[in-house]
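Participant: Structural data only, the sequence is not supplied:
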Ligand SMILES: NC(=O)c1ccc[n+]([C@@H]2O[C@H](COP(=O)([O-])OP(=O)(O)OC[C@H]3O[C@@H](n4cnc5c(N)ncnc54)[C@H](OP(=O)(O)O)[C@@H]3O)[C@@H](O)[C@H]2O)c1
């Protein structure tokens with residue numbers, strides 16, 4: 001992934017800090033590490049990534065030299081990965097759109113988050129010098145299907161598989177509080193990037209002029225542009241007053257019909273091929289209801305109240321940036 005000029009404005013506030021990142025090879029982890037690595041110390045501008053203000057530890061199931069092992073078989077993490085780190089950013093989890101949902105994939109989606117987060121907290125507990133903060137991924141799936149109800153962090157959990165997974169995932173991360181660690185659960189919206197996720201999958205059909213709304217098109221999609229999400233992660237690290245659930249979304253969620261229209265306009269392509277709900281269900285099974293047809297109108301109240309400023313608050317500018325970088 002090429003360096004995004006907007007990400008270079010992700011400025012650390014003080015001298016070198018160590019961030020341990022799980023899921024470092026994923027869409028968000030790669031962009032986060034790229035942003036942190038592109039901030040070398042002003043005193044040593046030509047030095048390598050680990051000599052700048054941010055020192056990054058990558059925690060992965062397939063470590064290379066200098067990286068830390070996540071043992072997938074036993075769900076254990078080397079406690080040394082967290083020892084002396086200032087912050088842990090926990091992003092790891094089985095991709096929820098990695099295939100048609102069946103019992104075994106759903107189990108992996110759940111276990112990788114619930115047991116995986118348990119493993120993170122166990123390793124945190126064993127570290128001699130513990131990090132001050134754990135920024136743990138969660139998702140707007142927490143809220144379930146809620147039509148056009150405005151949802152903020154005080155809204156109740158929804159129903160369905162993803163809501164149950166997100167609730168259990170957050171409960172596991174909360175266990176780090178017993179070690180004096182500040183915990184932030186980022187309830188992440190649909191991440192917009194051409195490098196992965198929903199937008200990447202939509203680009204080809206839309207470019208071919210085969211795009212269109214899904215189902216009624218009235219369902220709300222709460223989205224976040226990738227570089228804004230990276231800014232939110234850094235903001236969560238840097239804002240001691242921020243704790244608990246934090247909605248990581250843009251301030252202007254849109255309906256699927258509006259999303260379709262804006263993507264068509266940005267790509268200068270027609271969007272005249274709607275996908276009926278039954279066709280989406282036929283193609284994707286249960287996942288269609290959970291990811292495409294479900295409606296959640298989520299607002300970033302805690303982020304805004306804590307002073308976070310979105311670079312891409314509106315969808316057209318976010319899409320243009322996401323598609324170009
Ligand atoms: N992208 C979105 O639109 C979106 C929306 C809402 C929430 N989120 C959440 O944000 C987090 C990061 O998202 P992302 O898009 O970067 O995800 P991603 O691209 O799918 O990457 C997740 C990473 O997790 C690790 N992983 C995969 N399967 C695993 C398993 N079974 N057990 C343990 N680790 C596993 C992998 O790293 P290694 O192979 O290096 O171990 C992978 O690179 C995820 O938890 C995701 O659920 C993402």
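Facilitator: Great, that's in hand. All figures in this text were calculated on a predicted structure; none of them were measured in a lab.
Participant: roughly how far is whichever strand or helix holds residue 31 from the heart of the chain?
Facilitator: Secondary structure assigned from DSSP states H and E places residue 31 in helix 27-37. A distance of 12 Å separates the centroid of the chain from that of helix 27-37, by C-alpha atoms, centre = their mean, to the nearest Å.
Participant: ok, now stretch 205-216?
Facilitator: Its chain's average C-alpha position is 24 Å from that of stretch 205-216, according to C-alpha atoms, centre = their mean.
Participant: buried sites along it?
Facilitator: Buried residues in stretch 205-216, counting neighbours by 16 or more other C-beta atoms under 10 Å, are found at 206, 211, 212, 213, 214, 215. (Each C-beta comes from the backbone N, C-alpha and C, glycine too.)
Participant: Kindly report the same for stretch 289-309.
Facilitator: By neighbour count with 16+ other C-beta under 10 Å, stretch 289-309 contains the buried residues 289-303, 308.
Participant: same question, stretch 130-138
Facilitator: Along stretch 130-138, these residues count as buried under the neighbour rule (16+ other C-beta under 10 Å): 130, 131, 133, 134, 135, 136, 137, 138.
Participant: What of stretch 246-255?
Facilitator: Going through stretch 246-255 with 16+ other C-beta under 10 Å, the ones that come out buried are 246, 247, 248, 249, 250, 253, 254, 255.
Participant: Those residues also near the ligand: which ones?
Facilitator: The subset of these within reach of the ligand, counting by C-beta under 6 Å from any ligand atom, is empty.
Participant: so who does whichever residue of the chain sits closest to the ligand touch?
Facilitator: The minimum distance from the chain to the ligand, using C-beta to the nearest ligand atom, falls at residue 26 (2.1 Å). Remark: with contacts taken as C-beta atoms under 8 Å, 6 or more residues apart in numbering, residue 26 is in contact with 91, 92, 95, 196.
Participant: any idea how far residue 321 is from it?
Facilitator: Relative to residue 321, residue 26 is positioned 20 Å away (criterion: C-beta to C-beta, to the nearest Å).
Participant: for residue 57, same thing?
Facilitator: As for residue 57, its distance to residue 321 is 29 Å (criterion: C-beta to C-beta).
Participant: And for residue 127?
Facilitator: Relative to residue 321, and taking C-beta to C-beta, residue 127 is found at 38 Å.
Participant: you'd agree residue 20 is up against residue 81?
Facilitator: Yes. Assessed by C-beta atoms under 8 Å, residue 20 is found in contact with residue 81 at 5.4 Å.
Participant: Neighbour count: the two, which is higher?
Facilitator: Taking other C-beta atoms under 10 Å, residue 20 and residue 81 do not tie; residue 20 has more neighbours (29 against 23).
Participant: Look up the residues forming beta bridges with the residue nearest the centre of the chain.
Facilitator: Centroid-nearest residue in the chain, with C-alpha atoms, centre = their mean: residue 188, separated by 4.8 Å. Judged by DSSP bridges, the bridge partners of residue 188 are residue 139, residue 248.
Participant: Now do the contacts for it.
Facilitator: Contact criterion C-beta under 8 Å, 6+ apart gives 28, 137, 138, 139, 140, 224, 229, 248, 249 as the residues in contact with residue 188.
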